[in-house]
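1. Quick check, what structure comes out for this input:
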Amino acid sequence: MSVVTAEIRLPTSELRDDIPFYTKILGMRMDMIFPADDPKVAVFSGHGLRLRIDADAPEAPGTIRILSDDPDGFADGKRQLVAPNGTKVEIDHRNPPVAMPETQHAFVVRRLADQAPWVIGRAGMQYRDLLPDRLGGSIIASHIRIPDGGPVPDMVHFHRVGFQLIFCYRGWVDVVYEDQGPKMRLTAGDCFIQPPEIRHRVLEASDNVEVIEIGVPAEHVTEIDHEMELPTPHLRPEREWQGQRFVFNQAKGAEWLPFRLPGYICRDTTIADNTKGVAGVQVVRPGEGTPQWARHDTDILFGFVMQGRATLESEGREPSQLVAGDAYAIPPNLRTRLGAASDDFELLEVALPGVFTTTLDG
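-> Residues are numbered from 1 along each chain as shown. Down below sits the predicted model:
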């Protein structure tokens, strides 16, 4: 098999000035230089790059980004440099910490009837945004569907997130996760919590599968892992990723208990326990008692109506009539009441953090 090498070409006006910059300051290796009597071309390699510095190159100098686990220990701690040939060099973290924007609280109701556009996202999946303003970038809530079932063109990947939930709304989907055994089938009412950076791959889906995906923060990086093969040989259900455990919660056989609001029952997905309170996820149905006005003190409280209908009242606003496919967010300390629920009403509620106080208010 022939050997193929790729390199990036950059211009120079005086090669002898560039050599000490690329070798001593950037720590690259010089692999080639010519002609010997009056060098005009040199090739350097390092940090996953191969650079050809060429006096006859017609290109502009460009920008190189170098990512390091210890950027302060690279190039004497300088974050921006300019090479003698004019190339800009930026030094940054290889794995920067996830930035959590401050939540911009708002009362939001997003109706399916509003005909929000479906857009094509990763692996050909279709996305509908359930919180258009994303509360200032603190959360993304997506309604995702795959119209045509079968194998999904996905790769082993992971997300740099603070929290991520996949809740199956309709149909089924097969997914395989790092250290969690063979593939698992998520069916309607089931959910996964994907801890930060757990490797996984979507394998196959039914026709018209729909899931609700919650991610914190709204903008986060997805990285492909070209080395790992799934499933992995080890089963480690107790493993933690940044303090969170993988959760596969199934609707079948679930226990239903009184909800935090009178008039409803719920099944807890154990996500609050397994994320150490980062988030809580519950499925809610009508129960005994009369709905009451209430306030909460959690940062983000999101709801998605899976079936049936109900009325969401909020202080100082017109009541919102909710039906299947509608979503909402309630800011902390806003007085609201969820009532007039149909017998078949079912709600997905996600709270961040997952442990908080609800105060009944008349």
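2. Figure out how far the helix ranked longest in the chain is from the centre of its chain.
-> The longest helix of the chain (DSSP state H) is helix 15-20. In terms of Cα atoms, centre = their mean, to the nearest Å, the centre of helix 15-20 is found 43 Å from the chain centre.
3. Same question for stretch 91-99.
-> Relative to the centre of its chain, stretch 91-99 is centred 16 Å away, using Cα atoms, centre = their mean.
4. Pull the residues that contact it.
-> Defining contact as Cβ atoms under 8 Å, 6 or more residues apart in numbering, one finds that stretch 91-99 is touched by 65-69, 71, 74-75, 78-81, 160-162, 196, 217, 220. All C-beta atoms are positioned from the backbone trio N, CA, C, and that covers glycine.
5. Apply 6 Å and report the result again.
-> The contact list for stretch 91-99 (Cβ atoms under 6 Å, 6 or more residues apart in numbering) reads 66, 67, 68, 69, 71, 74, 75, 79, 160, 162.
6. Any idea how many residues pack against the closest residue to the fourth one other than its chain neighbours?
-> Once flanking residues are discounted, residue 69 sits nearest to residue 94: 5.3 Å by Cβ to Cβ, 6 or more residues apart in numbering. In terms of burial, residue 94 registers 10 neighbours under the definition other Cβ atoms under 10 Å.
7. go on, residue 66?
-> 20.
8. For it, which three-state class applies?
-> Put simply, residue 66 is strand when judged by DSSP: H, G, I helix; E, B strand; the rest coil.
9. got it, and the one 10 residues further on?
-> Following three-state DSSP, the label given to residue 76 is helix.
10. Put the alpha carbons of stretch 83-102 into PDB.
-> Coordinates of each C-alpha in stretch 83-102 appear next as PDB, following Å, rounded to 0.1, in the frame of the first residue of the first chain:
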ATOM      1  CA  ALA A  83       5.400  33.900  13.300                       C
ATOM      2  CA  PRO A  84       8.000  35.800  11.300                       C
ATOM      3  CA  ASN A  85       6.200  34.600   8.100                       C
ATOM      4  CA  GLY A  86       3.000  36.300   9.300                       C
ATOM      5  CA  THR A  87       1.100  33.100  10.400                       C
ATOM      6  CA  LYS A  88      -1.000  33.700  13.500                       C
ATOM      7  CA  VAL A  89      -0.700  31.000  16.200                       C
ATOM      8  CA  GLU A  90      -3.400  30.600  18.900                       C
ATOM      9  CA  ILE A  91      -2.800  28.500  22.000                       C
ATOM     10  CA  ASP A  92      -5.800  27.100  23.800                       C
ATOM     11  CA  HIS A  93      -7.100  24.300  26.100                       C
ATOM     12  CA  ARG A  94      -7.300  20.900  24.500                       C
ATOM     13  CA  ASN A  95     -10.300  20.000  26.700                       C
ATOM     14  CA  PRO A  96     -11.700  23.300  28.000                       C
ATOM     15  CA  PRO A  97     -14.200  23.000  30.900                       C
ATOM     16  CA  VAL A  98     -17.900  23.200  29.900                       C
ATOM     17  CA  ALA A  99     -19.100  26.700  30.200                       C
ATOM     18  CA  MET A 100     -22.500  27.000  31.900                       C
ATOM     19  CA  PRO A 101     -24.200  30.300  30.900                       C
ATOM     20  CA  GLU A 102     -26.300  32.000  33.500                       C
END
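11. Buried residues in it, which are they?
-> By neighbour count on 16 or more other Cβ atoms under 10 Å, the buried set for stretch 83-102 is 83, 84, 85, 87, 89, 91, 98.
12. Also stretch 265-279?
-> In stretch 265-279, counting by 16+ other Cβ under 10 Å, buried: 265, 266, 267, 268, 269, 271, 272, 274, 275, 277, 278, 279.
13. Make sure the last one is actually in contact with residue 163.
-> Yes. Using Cβ atoms under 6 Å, residue 279 is in contact with residue 163, at 4.9 Å.
14. how is the protein carved up into domains?
-> Listed domain ranges for the chain are 8-93, 108-249, 257-360 (source: automatic domain parsing).
15. Output the ones you listed in TSV; the columns should cover mean pLDDT.
-> Compiled in TSV, the domains of the chain are given as follows (pLDDT from 0 to 100):
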stretch	mean pLDDT
domain 8-93	94
domain 108-249	92
domain 257-360	96
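16. Run through the helices of the stretch 151-300 of the chain in chain order.
-> Listed in chain order, the helices of the stretch 151-300 of the chain (DSSP state H, counting those that start in this stretch) span 271-274.
17. After the helix or strand containing residue 349, heading C-terminal, what element do we hit next?
-> Per DSSP states H and E, residue 349 falls inside strand 346-352. Heading C-terminal from strand 346-352, the first helix or strand you meet, by DSSP H and E, is strand 358-360.
18. by contact count, what packs against that next one?
-> Packing contacts for strand 358-360, counted by 3 or more Cβ pairs under 6 Å, 6 or more residues apart in numbering; DSSP states H and E, involve strand 294-296.
19. Could you check the strand it packs on and say which residues are buried?
-> Quick answer for strand 294-296 (16+ other Cβ under 10 Å): 294, 295, 296.
20. Same check on stretch 65-80?
-> Under 16+ other Cβ under 10 Å, the buried positions of stretch 65-80 are 66, 71, 74, 75.
21. same check, this time on stretch 195-213
-> For stretch 195-213, the neighbour count (16+ other Cβ under 10 Å) marks 195-206, 209-213 as buried.
22. CSV for the buried residues of stretch 65-80, including distance to residue 137?
-> Listed next are these as CSV, based on distance: Cβ to Cβ, whole Å:
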residue, distance to residue 137
66, 27
71, 24
74, 29
75, 31
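23. Is residue 303 within a helix or a strand, and which one?
-> Judged by DSSP H and E, residue 303 forms part of strand 300-307.
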